[in-house]
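A.B. asks: This is a predicted model, with the sequence first.
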Amino acid sequence: MAFFSSRSHVLWPDRTTLWRWHFFAGLFCLPFVIMLCVTGSLYLFKPQIETFLDRDIDHAVSDGLPRSVSAQRDAALAAVEGGHFLALEMPSRKKQATRVLVAHGADVARVYIDPVTLRVLACRDEQTRFERLVFRLHGQLLIGNWGSVIMEMVASWTIVLVVTGLLLWWPRGGGAQGSVVPRLRLAGRPFWRDLHAVGGMWVSLVLVLFLVSGLPWSFVWGSAFSAVESRIGRLVAIQDWEIGAVPIAATLSGHAAMPGMSDAEMASMDGGSENGSDSGRQTERASHSGLDAVFETAQHLAFPAPVLVTPPTSAGGEWHIRSDAQNRPRRIEASVTAGGAVTHIARFADKTFSDRLIGYGVAFHEGHLFGVLNLALNLLVAFVLTLASVAALVIWLKRRRPGHLDAPKASPRPVAAGALVVMVVLGVLLPELGASLLLLVLANALFGRRFSALR
């Protein structure tokens, strides 16, 4: 297939234009791509790493008969001034500290309680735990919704990077060597070129799946998608994924957060008292009665771990038992009365088509959709993608003259019609890509004569 023949330049960009787009997209994206590969690889092993980090706490648990769960909750509340009960994480092993999540103001504390002695073994800020730090760095650069917007733009331009890279890679004769299999016996730039081109080709399809499955988490695209679904009559009581920088209390309690809602506002939704008055605490104790019976029901249900037990939002309301398993198709939730009777069970199969589709995508993205094979595939893709990204940087550094960018020269031909249509469609589907393209067009019109890199 000749993408670069003299007859095709009207529909498709010539090779010079593709090189230029690929170069600038890579210059912007590759540092972020390497960071995403590292943080994503760490997140694949979130359960194992969290267990390792908490090992000393769990080893400190005393031997003996555990006290009631409500007593353990009260011990955790006493350890956090002005706090209120947000959730309890069901134990997944026999000898394990009880994890009680306590909201206080705009923060959430994870309190580790010895179930036998009711002694506080540790108290940690939920946002600074390993899992949350890696999650926020991976999707938000630790700066909230602005970071989410940046990462969404990176994802959009990485799609351009993949498409232009595949068009440049497309074989134009010759065998599999250098196109399907890297020529590892070469040295210098040809060696790094093969690592980049062949490695990028093999991971391109999975990489696009990663990028697309991550969009529902992003602030702009995810918010727009949620708004469209609401417009067509979809109603979700509990959203199964985060959109942008969601208050940690909303994530843990399972209550949908409104745009701009703070953790403190989420805390008040969950029955907390902002001023910590006696009347507020009495109301909270009344609405949170029945934990022991609900805990016993949760043990019998045996949902896939980790399982969170969350209290009702008002006196007389129902408790919720929710599985937060990383393999989202296995997630299940139950509504339970204060007496422990199950009134409703919601399974993954009961969700709407779009929710199930996103659930499958997220589970694949996190490496838990089809077990160890999914984990190994994601780890392999991250490794090869990091190698291809590093190879691209080495190629550029070897070619670049000191003090020069040495970007590929701009093509004298006008933008091809087919490429323009594709970019317009992508710009509509990916708002950050569209906005950045408009900015580039404007910058070219204003400064293109003075700065050749903008043309």
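C.D. replies: Done, it's in. Here the structure is a predicted model, which is why all the values come from computation and not from measurement. Numbering: from 1, shown residues only.
A.B. asks: how close does the residue nearest in space to the middle of the chain sit to E366?
C.D. replies: With distances taken as CA atoms, centre = their mean, G139 lies nearest the centre of the chain, 5.5 Å away. As judged by CB to CB, to the nearest Å, G139 and E366 stand 12 Å apart. Backbone N, C-alpha and C define where each C-beta goes, glycine included.
A.B. asks: now swap in D107 and tell me
C.D. replies: 26 Å.
A.B. asks: So E81 sits against D107, correct?
C.D. replies: No. E81 is not in contact with D107 according to CB atoms under 8 Å; the separation is 11.6 Å.
A.B. asks: ok, these two, which is more surrounded?
C.D. replies: D107 (18 against 8; other CB atoms under 10 Å).
A.B. asks: What backbone torsions are found at the more buried one?
C.D. replies: phi -120, psi 160 (degrees, to the nearest 10).
A.B. asks: Just confirm it contacts D125, I think it does.
C.D. replies: Yes. Counting by CB under 8 Å, D107 touches D125, with 6.1 Å between them.
A.B. asks: for A338, what are its contacts?
C.D. replies: Neighbouring residues of A338 by CB atoms under 8 Å, 6 or more residues apart in numbering: S289, G290, A293, V294, P312, G316, W319.
A.B. asks: helix, strand or coil for L397?
C.D. replies: Put simply, L397 is helix when judged by DSSP: H, G, I helix; E, B strand; the rest coil.
A.B. asks: looking at this, D63 is in a helix?
C.D. replies: No. In this structure, D63 is coil, not part of a helix, as judged by three-state DSSP.
A.B. asks: Okay, now the unreliable bits of the protein?
C.D. replies: 1-10, 172-175, 178, 229-246, 250, 254-288, 448-455 (pLDDT under 70).
A.B. asks: quick one: V108 is in a strand?
C.D. replies: Yes. Per three-state DSSP, V108 lies within a strand segment.
A.B. asks: if we can go back for a sec, if I've got this straight, the residue nearest to the centre of the chain is in a helix?
C.D. replies: Yes. Counting by three-state DSSP, one finds G139 located in a helix.
A.B. asks: In contact with it, which residues?
C.D. replies: So G139 contacts G147, S148, M151, G214, W217, S218 (CB under 8 Å, 6+ apart).
A.B. asks: if I look at it, how far off is Y43?
C.D. replies: 10 Å.
A.B. asks: same thing with H196?
C.D. replies: Distance from H196 to Y43, by CB to CB: 25 Å.
A.B. asks: again, but for P66
C.D. replies: With CB to CB as the criterion, P66 and Y43 are 32 Å apart.
A.B. asks: ok, these two, which is more surrounded?
C.D. replies: Y43 (21 against 17).
A.B. asks: all strands of this structure, in order?
C.D. replies: 84-89, 98-104, 107-113, 120-125, 307-310, 319-323, 332-336, 342-347 (DSSP state E).
A.B. asks: Now distance to S253 too, for those, in CSV please.
C.D. replies: Shown next, in CSV, are the strands of the chain (distance: least, CB to CB, whole Å):
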stretch, distance to S253
strand 84-89, 6
strand 98-104, 8
strand 107-113, 9
strand 120-125, 17
strand 307-310, 5
strand 319-323, 9
strand 332-336, 13
strand 342-347, 16
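A.B. asks: show me the contacts for the nearest residue to L375 once chain neighbours are set aside.
C.D. replies: Spatial nearest neighbour of L375, chain neighbours left out: G367 (4.4 Å); criterion: CB to CB, 6 or more residues apart in numbering. Counting by CB under 8 Å, 6+ apart, G367 touches L44, Q326, N374, L375, L377, N378, L379.
A.B. asks: can you list contacts of stretch 25-41?
C.D. replies: 134, 137-138, 151, 154, 157-158, 160-161, 164, 378-379, 382-383, 385-386, 389-390, 392-393, 396, 407.
A.B. asks: are any of the residues you listed buried, and which?
C.D. replies: Among these, those classed as buried by 16 or more other CB atoms under 10 Å are 134, 137-138, 151, 154, 157-158, 160-161, 164, 378-379, 382, 385-386, 389-390, 392-393, 396.
A.B. asks: Would you indicate which residues of stretch 120-133 are buried?
C.D. replies: Using 16+ other CB under 10 Å as the test for burial, stretch 120-133 gives V120, L121, A122, R124, E126, R132.
A.B. asks: would you put the C-alpha positions of it in PDB?
C.D. replies: The C-alpha trace of stretch 120-133 is given here as PDB (Å, rounded to 0.1, in the frame of the first residue of the first chain):
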ATOM      1  CA  VAL A 120      -4.800   2.200  67.700                       C
ATOM      2  CA  LEU A 121      -1.900   0.700  65.800                       C
ATOM      3  CA  ALA A 122      -1.600   3.400  63.200                       C
ATOM      4  CA  CYS A 123      -3.400   6.400  61.700                       C
ATOM      5  CA  ARG A 124      -2.600   7.500  58.100                       C
ATOM      6  CA  ASP A 125      -3.900  10.200  55.800                       C
ATOM      7  CA  GLU A 126      -5.800   8.400  53.000                       C
ATOM      8  CA  GLN A 127      -4.500  10.700  50.300                       C
ATOM      9  CA  THR A 128      -0.900  10.100  51.100                       C
ATOM     10  CA  ARG A 129      -1.100   6.300  51.000                       C
ATOM     11  CA  PHE A 130       0.900   4.600  48.300                       C
ATOM     12  CA  GLU A 131      -2.100   3.600  46.200                       C
ATOM     13  CA  ARG A 132      -3.600   7.100  46.200                       C
ATOM     14  CA  LEU A 133      -0.300   8.800  45.500                       C
END
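A.B. asks: what's the spacing between that stretch and its chain's center?
C.D. replies: Mean-position distance between stretch 120-133 and its chain equals 19 Å (CA atoms, centre = their mean, to the nearest Å).
A.B. asks: re earlier: could you find the two of the contacts of G139 that are most distant from each other?
C.D. replies: The largest separation in the contacts of G139, counting by CB to CB, is between G147 and G214 at 13.4 Å.
A.B. asks: Extract the CA atoms of stretch 435-447 and return them as CSV.
C.D. replies: Taking Å, rounded to 0.1, in the frame of the first residue of the first chain, the C-alpha atoms of stretch 435-447 are listed here in CSV:
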residue,chain,number,x,y,z
ALA,A,435,-8.2,23.0,21.3
SER,A,436,-4.4,22.5,21.0
LEU,A,437,-4.7,22.3,17.2
LEU,A,438,-6.6,25.5,17.0
LEU,A,439,-3.9,27.2,19.2
LEU,A,440,-1.2,25.8,16.8
VAL,A,441,-3.1,27.2,13.8
LEU,A,442,-3.4,30.6,15.6
ALA,A,443,0.3,30.6,16.6
ASN,A,444,1.3,29.7,13.0
ALA,A,445,-0.7,32.6,11.7
LEU,A,446,0.7,35.1,14.2
PHE,A,447,4.3,33.9,14.6
